[in-house]
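Asker: Predicted coordinates and the sequence they were generated for:
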Amino acid sequence: SEVPGTKKRKSRWEDDELKFPVLGQIPDFLKELAGGIEFDPEIQGLNIQLLEINRRLQTGQFYDERSDGGFRSPSPEPIYDNLGIRINTREYRAREKLTRERQEIIAELIKKNPAFKPPPDYKPPKLYK
Amino acid sequence: PGMALGMGDGMLSQVEIPTKVVCLTEVVSPNELKDDEEFDEIFEDMKDECGKYGSIVNLVIPRPKPTGEEVPGVGKVFVEYSDTQGASKAKAAIHGRKFGGKPVVAVFYPEEKLLERDYGG
């Protein structure tokens, strides 16, 4: 005897939404499964930086040609290793700098994201000063 | 006999084989079912909610007889789906949800029993 257009009576079913009323009630392990921590913008930013550094190290683009605007500061006095090979070339210094940055980003990721797996070549920094 | 793998009773009772029929227990009281209007509402609520998870081919809500004669299955709701996927989805979604304020218990029920109008199981 329901008249069309009348307001529908309320169902006896409890509302769907009440099952998980607050996101905070979802257990942490489920949030991690859903990739929750990966959405942290800070961690995302670090991940992107790490990927970029990996790419530059792998492709040999140790320095960004655009960043110095064509201006280069004077080269330091050359340093040679015991085989007589110069070790403080521009490439060498740039690669060292990138490698250091990479280690720092990985250390940061390990600290911020317990689920992060460091690459096999990563060595934790020495604990003494 | 029938106790495969030497598991304890407690373990075996946890194992459920999916069927096309979901039985909701402890959902309705004989008093609500006696009233025609309430029965219609309950039937409609069940059809709406359970229909979200698959296509329903049969919906049975046993009603108490006016004579007061004992009827098996009163208090339960049987929902038969066209496939076990629908039944599994419904069981997972509905189990623990509240109907009329009471948490619903959802279990699989053998198709043959429903066909034979055996609601006692």
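Answerer: Everything's here; your move.
Asker: mind listing what the residue nearest to B:T84 when sequence neighbours are not counted touches?
Answerer: Nearest residue to B:T84, sequence neighbours excluded (C-beta to C-beta, 6 or more residues apart in numbering or on different chains): B:P18, at 4.6 Å. (C-beta placed from N, C-alpha, C; glycine too.) Shown in contact with B:P18 (C-beta atoms under 8 Å, 6 or more residues apart in numbering or on different chains): B:T84, B:A87, B:S88, B:K91, B:F108.
Asker: and the last one, how many neighbours?
Answerer: Right, B:F108. Close neighbours of B:F108, defined as other C-beta atoms under 10 Å in any protein chain shown, add up to 17.
Asker: Can you give me the buried ones in the helix or strand in which it is found?
Answerer: Assigned by DSSP states H and E, B:F108 falls within strand B:105-109. Judged by neighbour count using 16 or more other C-beta atoms under 10 Å in any protein chain shown, the buried positions of strand B:105-109 are B:A106, B:F108, B:Y109.
Asker: Now the helix or strand immediately after that strand in the chain: buried residues?
Answerer: Counting by DSSP H and E, the element after strand B:105-109 in chain order, helix or strand, is helix B:111-115. For helix B:111-115, burial by neighbour count (16+ other C-beta under 10 Å) applies to B:K113, B:L114.
Asker: what does helix B:111-115 contact?
Answerer: For helix B:111-115, contacts defined as C-beta under 8 Å, 6+ apart pick out B:T19, B:K20, B:V21, B:N58, B:V60, B:F78, B:E80, B:Y119, B:G121.
Asker: What distance do you get for the fifth one to B:K113?
Answerer: B:V60 sits 11 Å away from B:K113, going by C-beta to C-beta, to the nearest Å.
Asker: Give me the common contacts of the two.
Answerer: Contacts common to B:V60 and B:K113, judged by C-beta under 8 Å, 6+ apart, are B:Y119.
Asker: Going by distance to A:R72, which of the contacts of B:P18 wins?
Answerer: Using C-beta to C-beta, B:S88 comes nearest to A:R72 of the contacts of B:P18, at 67.6 Å.
Asker: for that closest one, helix, strand, or coil?
Answerer: With DSSP: H, G, I helix; E, B strand; the rest coil as the basis, B:S88 sits in helix.
Asker: burial count for it?
Answerer: B:S88: 19 surrounding residues under other C-beta under 10 Å.
Asker: Would you pull up the residue in chain A closest to chain B?
Answerer: The nearest approach of chain A to chain B comes at A:E14, 3.8 Å away (C-beta to the nearest C-beta).
Asker: residues contacting B:L59?
Answerer: With contact set as C-beta under 8 Å, 6+ apart, B:L59 has these partners: B:F43, B:M46, B:K47, B:C50, B:V77, B:F78, B:V79, B:E80.
Asker: With chain A as the reference, measure out to the most centrally placed residue in chain B.
Answerer: By C-alpha atoms, centre = their mean, chain B has its centre lying nearest to B:C23, at 1.6 Å. Taking C-beta to the nearest C-beta, to the nearest Å as the measure, B:C23 and chain A are separated by 17 Å.
Asker: That residue: what secondary structure?
Answerer: Under three-state DSSP, the three-state class of B:C23 is strand.
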